[in-house]
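**Q** no sequence on this one, just coordinates:
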């Protein structure tokens, strides 16, 4: 059986996901069989496995870092928020229904057998399991029913490293306060602290680190610099969504209130000179080279937001001379009508933007599948996509009546410079063609990578190298070897 090591954070967005990805790559580089694990994930960025199971995108990324194929056993429970008070609950890769928060809190401990089955399945085939916690382990109102932080660590007897985010300020208070709110047994599980996202001279921190170690009795095992790694993260607080100034090529993604799978577009960020901006204010849309309307957990409600915020009008004004591309829910919004008679999301019927001659009808069953396809004869500014292959996955409740010119051999449509597809990840194999088309129109040339897998592998390797330099890996290996890792 594998030995566990768990990464918990003082808050959401402390950097747990990226630290876990880096440790997965380090252990794999060192010859160990390693897999990521997160018992319960709350995120709208999801991934579909080869057998049609839905899981958190972060664990798919961590699996890639570990040279593994993503498996639903790496994330047996996924919560996809549908409102401020409730979520769609996905267990073992399949939705079991929508629950309000109070209902789920009463229900979740019944999922412990599913969690343990997933963990034991992974453990049987690996040497190390890198476990990611969620939020903070010191949410004292929730601790009694915890299944993702110290509650899980207790069940599987996992040592814990606690990560704090210095970039947002107050890291010493974060770490000391979190440890103070843990009970004695929980504090005993914490084997060290990590200060993450540091900018500046680490020597300035030394006195504070010494005081923190004296106050908490816990060793600090490293200060991780702020790293600009082009690796997908999952959190709704992702800095990727913050304001950016337009680059040589300006791609504007509409930041819908219920945006999902925003990591679909991170592939464009692998090219220097290309900026991906997430825009929620219609007055700041400007004149981008490409507008993307992304996926959403509630198409009709976000279509209403598009209309009321002025974003719909702003997008339509650009339709003549700007590439407009809708993915999943964004594709549905570009059509003429969206009907949800089965109450799969909002239960509403609403007109779309009318830029594509399609209509969408929602159904009870969610489509969850990986897809491989090929672009057909693509017209308009993205004609260079013609004949290009793609690989991705579909996650949607809607069925779209595709009346216009087909975009690919498996679906999607086009109308001039307006395009729509259900495929998440459709750009991963052909981002260079999109960038080259946009650059050619502006009379410039950019060096877009043609091998995206190689570019992403390089980012994982850079992350691993930085963690080896900034963390006491000998100490970390001492922890896992103490738990039984073969030497």
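**A** Happy to help now that I have it. Here the structure is a predicted model, which means the values were calculated and not measured.
**Q** what's the pLDDT at the residue nearest to residue 100 when sequence neighbours are not counted?
**A** Nearest residue to residue 100 in three dimensions, chain neighbours excluded: residue 86, at 4.3 Å (CB to CB, 6 or more residues apart in numbering). From N, CA and C alone the C-beta is placed, and that goes for glycine too. At residue 86, the model reports a pLDDT of 84.
**Q** residue 236 too?
**A** Residue-level confidence at residue 236 comes out at 49, pLDDT.
**Q** repeat that for residue 243.
**A** At residue 243, the predicted lDDT confidence score is 64.
**Q** over to residue 324?
**A** Value for residue 324, per-residue pLDDT: 98.
**Q** give me phi/psi at the residue nearest to residue 100?
**A** Note on residue 86: its backbone torsions stand at phi -150, psi 170 [degrees, to the nearest 10].
**Q** how about residue 145?
**A** Backbone torsions of residue 145, given as degrees, to the nearest 10, read phi -110, psi 20.
**Q** how about it, what does it touch?
**A** Counting by CB atoms under 8 Å, 6 or more residues apart in numbering, residue 145 touches 105, 108-109, 151.
**Q** again with residue 32
**A** For residue 32, the contact set (CB under 8 Å, 6+ apart) comprises 126-128, 485.
**Q** and the residue lying closest to residue 205 once chain neighbours are set aside, how close does it get to residue 275?
**A** Spatial nearest neighbour of residue 205, chain neighbours left out: residue 223 (6.2 Å); criterion: CB to CB, 6+ apart. When distance is defined by CB to CB, to the nearest Å, residue 223 is 29 Å away from residue 275.
**Q** specify the next element, helix or strand, located C-terminal of the longest strand seen in the chain.
**A** When the chain is parsed with DSSP state E, its longest strand is strand 358-374. Using DSSP states H and E, the next helix or strand after strand 358-374 towards the C-terminus is strand 389-402.
**Q** follow-up on the earlier one: from the contacts of residue 32, which single one is nearest residue 56?
**A** For those, the residue nearest residue 56 by CB to CB is residue 126; the value is 18.4 Å.
**Q** for burial, what's the neighbour tally of residue 445?
**A** Neighbour count for residue 445, taken as other CB atoms under 10 Å: 11.
**Q** how about it, phi and psi?
**A** phi -130, psi 130.
**Q** and it, how far is that from residue 436?
**A** Following CB to CB, the distance that separates residue 445 from residue 436 is 8 Å.
**Q** which positions within the strand or helix carrying residue 209 qualify as buried?
**A** Using DSSP H and E, residue 209 sits in helix 206-216. Within helix 206-216, the residues scored as buried using 16 or more other CB atoms under 10 Å are 209, 212, 216.
**Q** give the rounded mean pLDDT of it.
**A** In this model, helix 206-216 has an average pLDDT of 97.
**Q** how about residues contacting the helix or strand that it is followed by?
**A** Once helix 206-216 ends, the next helix or strand along the chain (criterion: DSSP H and E) is strand 220-225. Residues outside strand 220-225 that contact it (CB under 8 Å, 6+ apart): 15, 19, 161, 166, 192-199, 202, 205, 209, 212-213, 466-467, 470-472, 475-476.
**Q** quick check on those: which are buried?
**A** 15, 19, 161, 166, 192-198, 205, 209, 212, 467, 470-471, 476.
**Q** inside helices: which ones of these?
**A** Mapping the buried ones among the contacts of strand 220-225 onto helices (DSSP state H) picks out 19, 209, 212, 467, 470, 476.
**Q** and for the residue nearest to the last one when sequence neighbours are not counted, the neighbour number?
**A** With CB to CB, 6+ apart as the measure, residue 221 is the residue that lies nearest to residue 476, at 6.7 Å, once sequence neighbours are left out. In terms of burial, residue 221 registers 20 neighbours under the definition other CB under 10 Å.
**Q** need the pLDDT of residue 221.
**A** pLDDT, residue 221: 97.
**Q** residues touching residue 105, list them.
**A** Residues in contact with residue 105 (CB under 8 Å, 6+ apart) are 142, 145.
**Q** tell me what the closest residue to residue 401 other than its chain neighbours is bridged to.
**A** Counting by CB to CB, 6+ apart, residue 401 lies nearest to residue 359, which is 5.1 Å off, once chain neighbours are set aside. Beta-bridge pairing for residue 359 (DSSP bridges): residue 337, residue 401.
**Q** check what pLDDT residue 359 gets.
**A** Confidence score, pLDDT, at residue 359: 95.
**Q** offset the numbering so it begins at 862, please.
**A** Right, with 862 as the first residue, what we last looked at is residue 1220.
**Q** does it really touch residue 1200, like I thought?
**A** Yes. If you go by CB atoms under 8 Å, residue 1220 and residue 1200 touch, sitting 7.3 Å apart.
**Q** and these two? Which one has more around it.
**A** Neighbours per residue (other CB under 10 Å) separate residue 1220 from residue 1200, with residue 1220 holding more: 19 against 15.
**Q** just to revisit the earlier point, next, the buried residues of the longest strand of the chain.
**A** 1219-1223, 1227, 1229, 1231-1232, 1234.
**Q** buried members of the contacts of residue 1006 into ChimeraX, please.
**A** What follows is the ChimeraX syntax for the buried subset of those, where burial is set by 16+ other CB under 10 Å:
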select :969,1012
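**Q** can you name the residues that contact residue 1194?
**A** Shown in contact with residue 1194 (CB under 8 Å, 6+ apart): 1154, 1160, 1163-1164, 1167, 1187, 1213-1214.
**Q** mind listing which of those are in helices?
**A** Among the contacts of residue 1194, the residues falling in helices (DSSP H) are 1160, 1163-1164, 1167.
**Q** quick one: secondary structure of residue 971?
**A** Under the three-state scheme (DSSP: H, G, I helix; E, B strand; the rest coil), residue 971 adopts helix.
**Q** and it, how many neighbours?
**A** Close neighbours of residue 971, defined as other CB under 10 Å, add up to 8.
**Q** the one 3 residues further on now?
**A** Using other CB under 10 Å, residue 974 has 8 neighbouring residues.
**Q** element containing it, please.
**A** Per DSSP H and E: helix 973-985 holds residue 974.
**Q** contacts for that helix?
**A** 862-863, 865, 896, 898, 900-901, 932-935, 937-938, 952-953, 990, 1008, 1013, 1016-1017.
**Q** can you flag the buried ones in these?
**A** 863, 865, 896, 898, 900-901, 932-935, 937-938, 952-953, 990, 1008, 1013, 1017.
**Q** give me the pLDDT for the spatially closest residue to residue 1003 that is not a sequence neighbour.
**A** Once flanking residues are discounted, residue 1003 sits nearest to residue 966: 7.7 Å by CB to CB, 6+ apart. Model confidence at residue 966, given as pLDDT, is 90.
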